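[1] Predicted structure and sequence below. I'll ask about it afterward.
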Amino acid sequence: MTEYSFDRPAFFAGFRDVIPIALPGIPFGLVLGFLISEAGIDRFAGWSSSWIILAGAAQLAAIELLAEQASAAVVLVTIAFVNSRHLMYSAALRQRFAPFPNWFRIVGPYVLLDQSFALANGQPNDLDNRYRMWHYFGSATFLFVMWQTVVGVGVIVGDVIRAEWQLTFAVPILFGSLMLLSITNRAGVAAAVVGGVVALLGSSLPQGSGVLLGIVLGVAAGAAWETRLDDTAGSS
């Protein structure tokens, strides 16, 4: 048996452990699929964003900006800002994942999602490396399959659900899911509030730039709150 050969118990443990924190993503994926079906873009191309981008918030921003005929530059910059948190995820896991084989460094980051990061980052530092790697892949596999499935269902079902019905529940489900998945502390609340308000007020700005402005100012608000907390802790 090689050092990092398949560890079935670890894989299925990761598969099971991620389910409770993955479930809030189901309504989010369905809503994204509904939006794809209404956005006026090719359905297959829209669904393909679920495995090309593999990031729900970035997909949502990209689909809505494309539907508004925003420029490619605005879409790409927005996706980069939304996904910038993955740089922090990678930095946080770097030491724990450093011993893993080279092929993992290609495949592993592709499936680095919010939930898989939360599980991996919460594991003890002295955990067996083989178990850690396959536990991560187990959680990531569940998330990947679930996401492709629910977005695809949303695209298909969106064709047969009346638009006014979708608008009734899509908005609260979407933002409820984002809150559950993303807001874990006061800095997250500050970022969400500032970003949401700015994006709403700037909804009439050209080329979807209001969304981009909301993202930038939301991130800045969250970072400022974190800095304030660090300064307060340091002076106490």
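    Sure thing, it's come through. Quick caveat: nothing in here was measured; it's all calculated off a predicted structure.
[2] State the number of residues packed around Met133.
    Using other CB atoms under 10 Å, Met133 has 26 other residues around it. The way it works is simple: take the backbone N, C-alpha and C, and place the C-beta from them, glycine included.
[3] Secondary structure element holding it?
    helix 129-157 (DSSP states H and E).
[4] May I see the buried residues of that helix?
    Using 16 or more other CB atoms under 10 Å as the burial criterion, the residues of helix 129-157 that qualify are 130-144, 146-148, 150-152, 154-155.
[5] Just the pLDDT for Glu10.
    Glu isn't right for residue 10; it's Ala. We have a pLDDT of 93 for Ala10.
[6] I'd like the distance between it and Phe34.
    Per CB to CB, to the nearest Å, Ala10 is found 36 Å from Phe34.
[7] ok, those two, which is more surrounded?
    Phe34 (26 against 20).
[8] Looks like the more buried one contacts Gly154 (just checking).
    Yes - counting by CB atoms under 8 Å, Phe34 does reach Gly154; the two are 5.1 Å apart.
[9] still on that earlier bit, what distance separates the helix holding Met133 from the centre of its chain?
    12 Å (CA atoms, centre = their mean, to the nearest Å).
[10] Over to stretch 65-80?
    Distance, stretch centre to chain centre, for stretch 65-80: 17 Å (CA atoms, centre = their mean).
[11] Once you drop chain neighbours, what's closest to Ala120?
    Tyr136 (5.1 Å; CB to CB, 6 or more residues apart in numbering).
[12] Using the record's assignment, carve this structure into domains.
    Under the assignment automatic domain parsing, the domains of the chain span 8-182, 185-236.
[13] Going by mean pLDDT, which of those comes out lowest?
    Here these differ in mean pLDDT, and the lowest is domain 185-236 at a mean of 68.
[14] Let me see the ranges of the helices in this structure.
    8-17, 19-22, 25-38, 43-52, 56-67, 72-82, 85-97, 102-110, 114-121, 129-157, 163-182, 186-201, 209-235 (DSSP state H).
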